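Colleague: Got a predicted structure plus its sequence, pasted below:
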Amino acid sequence: MASSDELFQLKELLTPAAIRLHVAASDPAQVIREAGQLLLTQGAIEERYIEAMQQALQTYGPYMVIVPGVALLHARPSDGVKRPCMSLLTLEPPVSFGNEDNDPVKIAIAFGAVDRQKHLQALTMLTQLLANEQALSAIQASTSAEEVMHIIAAASPAA
Amino acid sequence: MKILAVCGMGFGSSLVLRMTIEDVLKAAGFKAQVVVSDIGTARSEQADIIVTSAEFARLLADRGIPIVVIKNYVDRKEMKEKLLPLLKGS
């Protein structure tokens, strides 16, 4: 377990328990609820963080679909984040968020940050993963959380 | 040279954007300060170039600062094609 002043690696933030595959969600709000619930179950956020993520999508729009097929969902540290955390859903069928360029969303990643530093290393590794189209396709096709973890480990070697 | 990477809250997308910008700058041999900002702060933060998505670009258009509009936040090719011409012209 990393201490509070350490940087977290991706595999420390994203655990098999925070991964759900082939989730059927009818709209972005349900995607946020499902992804947020995984963070809540781990005790990493307060329940209000899920509502804050919904508000963020309402306020700032669908820019959160930052890569074709992938949404990065989050709110602010002050919205009830207890510790850095991340969850991942694959969506079946894909869900449109209203992003002209990058819809529909096939993979949704939610995270909670406590500042701009502690999750940075994990985010760096996530950036490598998001730039790897083959790895993203493999995650969509995955049938177990362990398989997803394996793909992520291979695509984003620890710095 | 100061480049501002802007997203809604300044904790996720703009950090990803900064990594892509820094990768492209390094590969091209350019030196610049890359700072992340939420959309509120970006309204007043000094910068030479702003990099963000189309929705935030519209909110910052009146600042009179060149804006690079990015679709895919991790695509180095897109970043290179859109950002480097502005640096070469400066």
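Modeller: Sure thing, it's come through.
Colleague: Look up how far B:Asp62 lies from whatever residue of chain A ends up closest to chain B.
Modeller: Ranked by CB to the nearest CB, the top residue of chain A for proximity to chain B is A:Tyr60, at 3.4 Å. The C-beta positions use only the backbone N, C-alpha and C, and glycine is treated the same way. Distance, A:Tyr60 to B:Asp62, by CB to CB, to the nearest Å: 18 Å.
Colleague: which one is the residue of chain A closest to chain B nearest to, not counting chain neighbours?
Modeller: Computed as CB to CB, 6 or more residues apart in numbering or on different chains, the closest residue to A:Tyr60 that is not its neighbour in sequence is B:Gly8, at 3.4 Å.
Colleague: on contacts alone, who are the packing partners of the strand or helix carrying A:Ala35?
Modeller: Counting by DSSP states H and E, the secondary-structure element that holds A:Ala35 is helix A:28-41. With contacts defined as 3 or more CB pairs under 8 Å, 6 or more residues apart in numbering or on different chains; DSSP states H and E, the secondary structure elements packing on helix A:28-41 are strand A:19-23, helix A:48-60, strand A:70-73, strand A:85-95, strand A:105-112.
Colleague: follow-up on the earlier one: so who does the residue of chain A closest to chain B touch?
Modeller: Shown here is A:Tyr60, whose contacts under the criterion CB atoms under 8 Å, 6 or more residues apart in numbering or on different chains are B:Cys7, B:Gly8, B:Met9, B:Ile39, B:Glu55.
Colleague: Does the second one touch A:Ala56 like I think?
Modeller: This means B:Gly8. Yes - applying CB atoms under 8 Å, one finds B:Gly8 in contact with A:Ala56, separated by 6.2 Å.
Colleague: Neighbour count: those two, which is higher?
Modeller: B:Gly8 (25 against 20; other CB atoms under 10 Å in any protein chain shown).
Colleague: Next up, phi/psi of the residue nearest to A:Tyr60, please.
Modeller: Taking degrees, to the nearest 10, you get phi -60, psi -50 for the backbone angles of B:Gly8.
Colleague: how many neighbours does B:Pro85 have?
Modeller: Applying other CB under 10 Å, we find 11 other residues in the vicinity of B:Pro85.
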